[in-house]
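**Student:** pasting the sequence and the predicted coordinates here, then a few questions.
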Amino acid sequence: MEENKEVFGGGLLESIDAMLADKPVKEIGQKTENIGKAVNKQTVKDTVYDRYEKPFVHLHLHSEYSLLDGLARITKGKKSPLLDTCKELGMPGCALTDHGNMFGAYTFYKSANARNLKPIIGCEFYTCDDMKSTSSAERNHLVLIAKNNEGYKNLVKMDSLAYIDGYYYKPRIDLDLLEKHSDGVICLSACLSGRIPRLLSSGDYEGAKAYALRLKKMFAEGDFYIELQDHGLPEQRAIRNDLVRLADEIGVKLVATNDVHYVNREDYVAQDILVRINTGKTVNDATGMEMGNDQFYLKSYEEMMEIFSWCPEAVTNTIEVMEKCNVRIEKEDLYPPYKPDDGSKPEDYLRKLAYEGLERRYHTITDEIRERAEYELGIIIRTGFAEYYLIVWD
């Protein structure tokens, strides 16, 4: 960031001010008129542009596992509306950051790998000052992404504790817990519901800066990013200048996201109805969770570059985040082994016990009884549950 200070300093901030004031950028000088080209030339072309045809991935995304809120379907029969569309758009990967849970992580991981897309596993956590306090329902959003398996385990740990110890209307964590489980984790500052954007929206720049610095210190160098979003909402554009300034002053990078809640633009109506079911409202009622427009869909690289043409590095920095992430989720057999006393295999021992029980109950084992017993035993053994049944029996 330091080497680009001339680009990310006054010139970039002035260009944003000009856009917000509906002035042509050229009116504030050649320096800001060509800012997109300058950033592209100095920070982008020699890195991700050379390795990816379309250097962008979505890092903030809500699937059907963001219950009664997200509508970007991971699975629909044998298809994946979300991941198949990512593939069609030429994206090299995709993130999953559902609200307050990681229920879809394994399904997403398998589905992405099957399509040769890099799965980026994360969660948009609900944060508060004290997760064990029930004196206030106030909460903020924070996007956390697993960089490696240690980070994945830390996210799972925090997600579990959010439900066990921090549940109050929503599963919550606090920064004290995050600080203990920040290894292997990447942090994005989140949407308008994040603490940093909320402080900026209220005019408390110094408070936002102090909070950002605290987050920056929790993570490895370069693993905290200031998130930029632009869905055409005035609230977002009102704080854009401050977000850029904040990133520059504390020495972190910007990253562009689109807070995806549905795959196609026309799906916004279905997603709105989903939220109304969630809140118990009709189509004529205000829900308090309105998105504001139809821009929260899975946008293409070209669309994101057009929106953030004033700062293309924020778009391509998503690739930097993706390349840091290398999580491997392997399906482990979590059952403890069962060793029969007679030294036989668990499957054979289960069959022996079953037939001993049949003899006690029926005395004479008919062909019909034997056929039914073998059918049941076959299912148990074939699905790998023989040791489970023996453990329960023991």
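**Tutor:** Done, it's in. Since the model is a prediction, treat every value here as computed from it, not as a measurement.
**Student:** what ranges of the chain fall below the confidence cut-off?
**Tutor:** For the chain, applying pLDDT under 70 flags the ranges 1-50, 332-334.
**Student:** the longest strand in it is where?
**Tutor:** If you go by DSSP state E, the chain has its longest strand at strand 118-128.
**Student:** can you name the next helix or strand after it?
**Tutor:** Downstream of strand 118-128, the first helix or strand assigned by DSSP states H and E is strand 140-146.
**Student:** which other helices and strands contact whichever helix or strand comes after that next one?
**Tutor:** Using DSSP H and E, the helix or strand that follows strand 140-146 in sequence is helix 149-164. Judged by 3 or more CB pairs under 8 Å, 6 or more residues apart in numbering; DSSP states H and E, the packing partners of helix 149-164 are strand 118-128, strand 140-146, strand 172-174, helix 175-180, strand 185-188. C-beta coordinates here come from the backbone N, C-alpha and C atoms, glycine included.
**Student:** just the C-alpha atoms of helix 149-164, please, in CSV.
**Tutor:** Extracted C-alpha coordinates of helix 149-164, given in CSV (Å, rounded to 0.1, in the frame of the first residue of the first chain):
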residue,chain,number,x,y,z
ASN,A,149,-7.0,-26.3,8.1
GLU,A,150,-6.0,-24.6,11.3
GLY,A,151,-8.1,-21.7,10.3
TYR,A,152,-11.0,-24.0,9.3
LYS,A,153,-10.9,-25.7,12.8
ASN,A,154,-10.9,-22.2,14.4
LEU,A,155,-13.9,-21.2,12.5
VAL,A,156,-15.7,-24.4,13.4
LYS,A,157,-14.8,-23.9,17.0
MET,A,158,-16.0,-20.3,17.1
ASP,A,159,-19.2,-21.2,15.3
SER,A,160,-19.9,-23.9,17.8
LEU,A,161,-19.2,-21.6,20.8
ALA,A,162,-21.5,-19.0,19.2
TYR,A,163,-24.4,-21.4,19.5
ILE,A,164,-23.4,-22.8,22.9
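**Student:** relative to strand 118-128, how tilted is that helix?
**Tutor:** 40 degrees (axes from the mean of the first three to the mean of the last three CA atoms, to 10 degrees).
**Student:** count of neighbours near Ile145?
**Tutor:** Residues lying near Ile145 (other CB atoms under 10 Å) number 29.
**Student:** spatially nearest residue to it (excluding sequence neighbours)?
**Tutor:** Gly122 (3.7 Å; CB to CB, 6 or more residues apart in numbering).
**Student:** residues near that neighbour, how many?
**Tutor:** Neighbours of Gly122 (other CB under 10 Å): 29.
**Student:** what pairs with it across the strands?
**Tutor:** With DSSP bridges as the criterion, Gly122 is bridged to Thr97, Ile145.
**Student:** which SSE is Tyr335 in?
**Tutor:** Here Tyr335, judged by DSSP H and E, is contained in no helix and no strand.
**Student:** need the contact list for it.
**Tutor:** Tyr335 is in contact with Glu387, Tyr388, Ile391, counting by CB atoms under 8 Å, 6 or more residues apart in numbering.
**Student:** quick one: the last one from Pro346, how far?
**Tutor:** So that's Ile391. Ile391 sits 10 Å away from Pro346, going by CB to CB, to the nearest Å.
**Student:** tell me, what's touching those two both at once?
**Tutor:** Jointly contacting Ile391 and Pro346 under the rule CB under 8 Å, 6+ apart are Tyr338.
**Student:** those two: which is more packed in?
**Tutor:** Neighbour tally, Ile391 and Pro346, criterion other CB under 10 Å: the higher count belongs to Pro346, 19 against 14.
**Student:** got a list of what the more buried one touches?
**Tutor:** Tyr338, Lys339, Pro340, Ala386, Glu387, Leu390.
**Student:** how about the fifth one, nearest residue that isn't a chain neighbour?
**Tutor:** In other words, Glu387. Closest to Glu387 by CB to CB, 6+ apart is Tyr338, at 4.2 Å.
**Student:** for the third one, same thing?
**Tutor:** For Pro340, ignoring the flanking residues on the chain, the nearest one in space by CB to CB, 6+ apart is Tyr349 at 3.8 Å.
**Student:** that neighbour: neighbour count?
**Tutor:** 20.
**Student:** show me the contacts for the residue nearest to Glu387.
**Tutor:** Tyr338 touches Pro346, Glu387, Leu390, Ile391, Asp394, counting by CB under 8 Å, 6+ apart.
**Student:** please redo it, this time with the cut-off set to 6 Å
**Tutor:** Pro346, Glu387, Leu390, Ile391 (CB atoms under 6 Å, 6 or more residues apart in numbering).
**Student:** how about the secondary structure of it?
**Tutor:** What DSSP: H, G, I helix; E, B strand; the rest coil gives for Tyr338 is coil.
**Student:** distance of it from Ile121?
**Tutor:** Taking CB to CB, one finds Tyr338 at 32 Å from Ile121.
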